[in-house]
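In: the amino acid sequence is not available; the structure is as follows:
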């Protein structure tokens, strides 16, 4: 039985691997390409805000379509092929407004993919059993493998400003197309759902009664930290460029961060049990403060690799702590709405605001000052959290304490 479950889970694990392998290209090289195509840091901040905005806007649209056609597998070829066309189309123009439109379209096609794969995977688990974390882990493996493979497909030399196409990054566009086409074909290998998958209905009216001051303050602190971390997500590859890291090696630094994230996932449950949810979140925010400050010091390039280990705090401790905070604070019937609220406020709006602000700061003062200011911004959030956030109480505990 166990063997059959592992075999039947293979299409989902492989789908995560393929999807994150192509997403690795966008994370590591899209902003670097746009910078080389002539965008200013302020314009880059605007372009980088789009994926965060689309994480709020596009999944509901595609989710509604998935519910309507009763088989979300049919949407996957559209999503994979759409991005396979719009992202490489950036090679054909240096016009800011056309590039911005292509970023919108690329984000529109790629941001819903992981939520839809999550929905299919959870549907499989509900029918056949299994461990979501073990299947989802293959997405991180795909990201790590792809970023390390860039060492083989990109040149170690400096790119040519004039001549050629892609500013030295043409191979990663080809790599992206290959994996998006692979994902298009793989969608037909995922088993047809035994029954229609439906999304949880949001209960915003019911949720309002559980949005306490403590929950609102926690989301505010998380919003600040996420906005500050956009200096990393938007400009890290460009920062490595300034430090003289060749294109072929930039993925190694990104991979080191994801490796620390995966390692932290193994122990995060025990950490929360030992120090509590509040301290886990604050540990993540403290990691943001230290990590961004270290980037601002013009460290020798290979010192950046151990600094990347802070990703275990700035993503894993931060994100898992907040997910647990929302689950603990809200009753089961509105937890899906609570997680949507968290994703929208922190990862969506926080990403949009942070990308735009970081772009303007970098344009005015440069990257190293950007990381210093972002560190101070996160420090403000950390102090706010230390002073005012409390360990979350369950709805049952609150009702009992009120009596």
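Out: Here it is on my side, so go on. Values in this document were obtained by computation on a predicted structure and should not be read as measured data.
In: so which strand or helix has the residue nearest to residue 93 when sequence neighbours are not counted?
Out: Using C-beta to C-beta, 6 or more residues apart in numbering and skipping the chain neighbours, the partner closest in space to residue 93 is residue 99 (6.4 Å). C-betas here are computed from N, CA, C, even on glycine. Using DSSP states H and E, residue 99 falls within helix 96-110.
In: cool, and residue 327?
Out: Going by DSSP H and E, residue 327 is in helix 318-329.
In: mind checking how far stretch 35-43 is from the chain centre?
Out: Offset of stretch 35-43 from its chain centre (C-alpha atoms, centre = their mean, to the nearest Å): 22 Å.
In: residues of it that come out buried?
Out: For stretch 35-43, the neighbour count (16 or more other C-beta atoms under 10 Å) marks 35-37, 39, 41, 43 as buried.
In: same question for stretch 73-82.
Out: Within stretch 73-82, judged by 16+ other C-beta under 10 Å, the buried ones are 73, 75-77, 79-82.
In: contacts for it?
Out: 62, 65-66, 69, 105, 108-110, 112-113, 116, 120, 180-181, 183-184, 187-188, 190, 192-193 (C-beta atoms under 8 Å, 6 or more residues apart in numbering).
In: list the contacts of the spatially most central residue of the chain.
Out: Nearest to the mean C-alpha position of the chain, by C-alpha atoms, centre = their mean, lies residue 347 at 8.0 Å. For residue 347, the contact set (C-beta under 8 Å, 6+ apart) comprises 52, 55, 226.
In: again, only this time at 10 Å
Out: Neighbouring residues of residue 347 by C-beta atoms under 10 Å, 6 or more residues apart in numbering: 52, 55-56, 222-223, 226, 319, 322.
In: which of the residues you listed tops the neighbour count?
Out: Using other C-beta atoms under 10 Å as the neighbour criterion, residue 226 leads those with 28 neighbours.
In: reduced to three states, what does it come out as?
Out: Following DSSP: H, G, I helix; E, B strand; the rest coil, we place residue 226 in the helix state.
In: excluding sequence neighbours, find me the nearest residue to it.
Out: Spatial nearest neighbour of residue 226, excluding adjacent residues (C-beta to C-beta, 6+ apart): residue 350 at 3.4 Å.
In: check the gap between that neighbour and residue 336 for me.
Out: Distance of residue 350 to residue 336, given as C-beta to C-beta, to the nearest Å: 20 Å.
In: what about the helices in the stretch 101-250 of the chain?
Out: Using DSSP state H, counting those that start in this stretch, the helices of the stretch 101-250 of the chain run over 113-128, 132-153, 170-186, 204-208, 213-242, 247-275.
In: the first one versus helix 170-186: what angle between them?
Out: Note on geometry: by axes from the mean of the first three to the mean of the last three C-alpha atoms, to 10 degrees, helix 113-128 and helix 170-186 are set 30 degrees apart in direction.
In: remind me what helix 113-128 packs against, helices and strands.
Out: With contacts taken as 3 or more C-beta pairs under 10 Å, 6 or more residues apart in numbering; DSSP states H and E, helix 113-128 sits against helix 2-25, helix 41-69, helix 76-86, helix 132-153, helix 170-186.
In: now render these as JSON lines, adding mean pLDDT.
Out: Below are the helices and strands packed on helix 113-128 laid out as JSON lines (pLDDT from 0 to 100):
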{"stretch": "helix 2-25", "mean pLDDT": "77"}
{"stretch": "helix 41-69", "mean pLDDT": "84"}
{"stretch": "helix 76-86", "mean pLDDT": "93"}
{"stretch": "helix 132-153", "mean pLDDT": "87"}
{"stretch": "helix 170-186", "mean pLDDT": "93"}
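In: reformat those as TSV; add distance to residue 315.
Out: Formatted as TSV, these follow (distance: least, C-beta to C-beta, whole Å):
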stretch	distance to residue 315
helix 2-25	14
helix 41-69	15
helix 76-86	23
helix 132-153	11
helix 170-186	23
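In: closest to residue 280 out of these?
Out: Among the helices and strands packed on helix 113-128, helix 132-153 comes nearest to residue 280, with 17.3 Å by C-beta to C-beta.
In: which parts of that closest one are buried?
Out: Going by 16+ other C-beta under 10 Å, helix 132-153 has these buried residues: 135-147, 149-151.
In: so which of those comes closest to residue 266?
Out: Of all those, residue 137 has the smallest distance to residue 266: 10.0 Å, by C-beta to C-beta.
In: count the neighbours of the closest residue to that closest one other than its chain neighbours for me.
Out: Spatial nearest neighbour of residue 137, chain neighbours left out: residue 262 (6.8 Å); criterion: C-beta to C-beta, 6+ apart. Neighbour count of residue 262, defined by other C-beta under 10 Å: 16.
In: ok, residue 365 next?
Out: Residue 365 has 13 nearby residues by other C-beta under 10 Å.
In: shift numbering so it begins at 4
Out: Okay, using 4 as the starting number, the last item reads as residue 368.
In: can I get the buried part of the contacts of stretch 76-85 as one PyMOL selection?
Out: Only the buried members of the contacts of stretch 76-85 enter the following PyMOL selection, criterion being 16+ other C-beta under 10 Å:
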select buried, resi 65+69+108+111+112+113+115+116+119+123+183+184+186+187+190+193+196
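In: kindly provide the whole-number mean pLDDT of stretch 288-300.
Out: If you average the pLDDT over stretch 288-300, you get 97.
In: next: stretch 238-253.
Out: The average of the pLDDT scores along stretch 238-253 is 93.
In: next, the distance between the ends of that stretch.
Out: This stretch, stretch 238-253, spans 12 Å end to end (C-alpha to C-alpha, to the nearest Å).
In: what pLDDT does the residue nearest to residue 151 when sequence neighbours are not counted get?
Out: What sits nearest to residue 151 in space, not counting adjacent residues and going by C-beta to C-beta, 6+ apart, is residue 258, at 5.5 Å. Note for residue 258: predicted pLDDT of 94.
In: distance of residue 258 relative to residue 144?
Out: Residue 258 sits 11 Å away from residue 144, going by C-beta to C-beta.
In: what's the answer for residue 188, then?
Out: For residue 188, the distance to residue 144 - C-beta to C-beta - is 20 Å.
In: same question, residue 316
Out: Counting by C-beta to C-beta, the gap from residue 316 to residue 144 is 21 Å.
In: next: residue 358.
Out: 27 Å.
In: if we can go back for a sec, how about the helix holding residue 330: buried residues?
Out: By 16+ other C-beta under 10 Å, the buried positions in helix 321-332 come out as 321-330, 332.
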